[in-house]
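**Student:** here is the input, now give the coordinates:
(4 chains)
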Number of protein chains: 2
Amino acid sequence: MLELRLVQGSLLKKVLEAIRELVTDANFDCSGTGFSLQAMDSSHVALVALLLRSEGFEHYRCDRNLSMGMNLNNVSKMLRCAGNDDIVTIKADDGSDTVTFMFESPSQWNLSHSVFFFLCLFVEWLSFLRKGQDKIADFEMKLMDIDSEHLGIPEAEYHAIVRMPSSEFARICKDLSSIGDTVVISVTKEGVKFSTKGDIGTANIVCRQNTTVDKPEEATIIEMKEPVTLTFALRYMNSFTKATPLSSTVSLSLSSELPIVVEYKIAEMGYIRFYLAPKIEDEEEDVKPQV
Amino acid sequence: MLELRLVQGSLLKKVLEAIRELVTDANFDCSGTGFSLQAMDSSHVALVALLLRSEGFEHYRCDRNLSMGMNLNNVSKMLRCAGNDDIVTIKADDGSDTVTFMFESPSQWNLSHSVFFFLCLFVEWLSFLRKGQDKIADFEMKLMDIDSEHLGIPEAEYHAIVRMPSSEFARICKDLSSIGDTVVISVTKEGVKFSTKGDIGTANIVCRQNTTVDKPEEATIIEMKEPVTLTFALRYMNSFTKATPLSSTVSLSLSSELPIVVEYKIAEMGYIRFYLAPKIEDEEEDVKPQV
DNA sequence: AATTTTTCAC
DNA sequence: GTGAAAAATT
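**Tutor:** As a prediction, the model looks like this:
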């Protein structure tokens, strides 16, 4: 039997919005460790790895390892029926070919946004006292059989790791894709440079290391062992940035010839990591990306 | 060599959004006086004139007069990659067939919107002290050869000049175009009347002079030497109102048989002016507009 | 799921 | 000024 209770249900909604553009069907794997997913995108070029550790759940019961194949668009449809403040419970019986998502709405309180913070805390405390909720919904979904090719992802030493605000990374990818199709990411001790070239011209965006900001999540930090320059398809990068709502920072891990790792940490729980193989620099422009 | 540095980069973004619907390709002319553009719209009916005086730039260097032909949609694409708070620099080397737009993001400061104004000023002063920025982007674009027919626009005496809130003018043009295709603008000592006629009926909007408002930009001021009534195609008027974000007020200058001048002043820098010839009132409805 | 911008009908 | 349907964003 499986029963996972996640107080912050909006997190699950964000996770699905982050993945569903890239992957249509995937297996969710449950074990004592946590709730995880690993899948290639439909064109077999990018890889997504999700981990939500069991400790991050309010309640986590997983009697034995379970792999549940789901259509992510359908999961997303159901999750969109959950309010952002809902508590989400995922349930599956042993041997069952269905999974159930349960959403408990917290009681409606007539609060404007300008209410004081302590009042919010008070209200949250009240809602713990309440025995029930105004609304409880459950959605049951058929599971599917999906061939999973669970790749062991080797731990690699990266030449460079860049951490920057996730919104800034998203903005850069979006801006560059209005000029070109690919981005050249180049890390030197000067900083990290994102470049592209297209019919109407060229673009270069340089971000310098900057740790002198008020909030740590606004910092740009570059750990570089060796300079590295790699080229990637912007189309995938833009898909990855769908995970921006999950974390205020993103990290890019780069090594020559290795796939880039674009990681969004999920507070208290784990991460989403996207892997994308670099384009092979060649005389020809239209080289098909290799995995 | 050309190097123009504009602290308020969003202004340039707005200028391009204001023009690009009307004009696809145009020459930007740089001289000691400033940065200017003059172009007919693609159907050769309306004329746009832009002036950004050199004094409005933080730094203005223009060694010799330069006319740079650009596709405004491409310029706009690049400018959309600039943040609204970015400092924009336009660069061109002598004899080069490219132009470079450089965007410097101000450093991230932890400021909420509710911060006091003087604190903003302080922060702006601080950012001048900083040697560099977190993010610097540069976009290079090929220039084009464009036949420019730089018309001398004669200074005219206008029978009437109406100044009103630009948003109000935009609203009137939009509303009237849901009823008819043309607007009759009629200035008398009563005020200014915008009228249209269509299949479903007629509409008249009268704005009376009103200077007794709290803010001067909310005033409607009519300077009239002589009553005047002219007819214009609403389609162009609606294009002109794309410049609304540039100024809180607009002025309409009218004389019989002369093109109307719709002017948006650009604070501290200059203006955008749109010229549109009146439709000749005739028994026939479908008279082609004359320039 | 594909491409670009805004609104309604000829 | 051209064209088909609804809405925004890449």
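**Student:** what bridges to A:T89?
**Tutor:** A:R5, A:M102 (DSSP bridges).
**Student:** doesn't A:L2 make contact with it?
**Tutor:** No. Using C-beta atoms under 8 Å, A:T89 makes no contact with A:L2, being 10.1 Å away. (Each C-beta comes from the backbone N, C-alpha and C, glycine too.)
**Student:** the stretch 151-291 of chain A: strands as residue ranges?
**Tutor:** A:160-165, A:182-188, A:191-198, A:201-207, A:221-224, A:228-233, A:249-254, A:260-266, A:270-276 (DSSP state E, counting those that start in this stretch).
**Student:** to B:T244, which of the ones you listed lies closest?
**Tutor:** Closest to B:T244 of the strands of the stretch 151-291 of chain A, according to C-beta to C-beta: strand A:201-207, at 29.0 Å.
**Student:** now check the closest one, is it near chain B?
**Tutor:** Yes. Counting by C-beta under 8 Å from any C-beta of the partner chain, chain B has neighbours in strand A:201-207: A:201-207.
**Student:** among those, who's most crowded?
**Tutor:** A:A203 (27 neighbours; other C-beta atoms under 10 Å in any protein chain shown).
**Student:** how long is stretch A:214-222 end to end?
**Tutor:** 18 Å (C-alpha to C-alpha, to the nearest Å).
**Student:** pLDDT of that stretch, averaged?
**Tutor:** For stretch A:214-222, mean pLDDT rounds to 90.
**Student:** dihedrals phi and psi, the residue in the stretch 151-291 of chain A that DNA strand C sits nearest to?
**Tutor:** Ranked by C-beta to the nearest atom of the strand, the top residue of the stretch 151-291 of chain A for proximity to DNA strand C is A:S178, at 8.9 Å. Backbone dihedrals for A:S178, given as degrees, to the nearest 10, come out at phi -80, psi -10.
**Student:** picking that back up, now distance to DNA strand D too, for the strands of the stretch 151-291 of chain A, in CSV please.
**Tutor:** Shown next, in CSV, are those (distance: least, C-beta to the nearest atom of the strand, whole Å):
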stretch, distance to DNA strand D
strand A:160-165, 18
strand A:182-188, 12
strand A:191-198, 12
strand A:201-207, 13
strand A:221-224, 26
strand A:228-233, 13
strand A:249-254, 17
strand A:260-266, 17
strand A:270-276, 16
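**Student:** so for B:G34, which of those strands sits nearest?
**Tutor:** Closest among those, using C-beta to C-beta: strand A:201-207, at 24.4 Å.
**Student:** mind listing what the closest one pairs with, with the direction of each?
**Tutor:** The pairing partners recorded for strand A:201-207 under DSSP bridges are strand A:191-198 (antiparallel), strand B:135-142 (antiparallel).
**Student:** how far away from the center of its chain is the first one?
**Tutor:** Between the centre of strand A:191-198 and the centre of its chain there are 24 Å (C-alpha atoms, centre = their mean, to the nearest Å).
**Student:** ok and it relative to strand A:228-233, angle-wise?
**Tutor:** Calculated by axes from the mean of the first three to the mean of the last three C-alpha atoms, to 10 degrees, strand A:191-198 forms an angle of 40 degrees with strand A:228-233.
**Student:** and A:P216, how many residues sit next to it?
**Tutor:** 11.
**Student:** chain neighbours aside, what residue packs nearest to A:E190?
**Tutor:** A:R208 (6.9 Å; C-beta to C-beta, 6 or more residues apart in numbering or on different chains).
**Student:** how about A:L230?
**Tutor:** A:L230 sits nearest to A:P278 (C-beta to C-beta, 6+ apart), 4.2 Å away.
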